[in-house]
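Novice: I'll drop the sequence and a predicted model, then ask my questions.
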Amino acid sequence: MEIKNEDKLFALAIYASSFFTIFLGPLIIWLIKRDSEFVNYHGKEYFNFLISYTIYFVISGILTLIFIGFILGAIVSLLMFIFTIIACIKAYEGKEYRIPMVIRIIR
């Protein structure tokens, strides 16, 4: 199945807008172009990613009491940045990218 350039750009925009507005920008883009199977996939993937990594941040915050949380928080932040960039690239290439360590809540 050929994916339209417009759909690739909207999927890319979901991830790219997350650098500026973590929640609202990707949500608006996803809701506008939800009828596209490709954009819908990336919207679900992004929000599963956001929920999962928020859980990891909360766990890191709790673990700061024993000082290991500072290291884990830095690692989670770095992974979020790297995986978001990879997802941007894969979306623009027209590929469905499954972000590592994501809990699939939204199906």
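Specialist: Now that the structure is in, tell me what you want to look at.

Novice: How about the residue in the protein that sits furthest from its center?
Specialist: Ranked by distance from the centre of the chain (CA atoms, centre = their mean), the top residue is Ile66, with 28.7 Å.

Novice: Retrieve the pLDDT associated with it.
Specialist: We have a pLDDT of 86 for Ile66.

Novice: next one: the one 3 residues further on
Specialist: Note for Gly69: predicted pLDDT of 87.

Novice: Need the phi and psi values for it.
Specialist: phi -60, psi -30 (degrees, to the nearest 10).

Novice: Quick check, it in contact with Gly61.
Specialist: Yes. Using CB atoms under 8 Å, Gly69 makes contact with Gly61 at a distance of 6.1 Å. Just so you know, the C-beta spots here come from the backbone N, C-alpha and C atoms, and that holds for glycine as well.

Novice: Looking only at neighbour counts, state which of these two leads.
Specialist: Taking neighbours as other CB atoms under 10 Å, Gly69 and Gly61 compare with Gly69 leading, 18 against 13.
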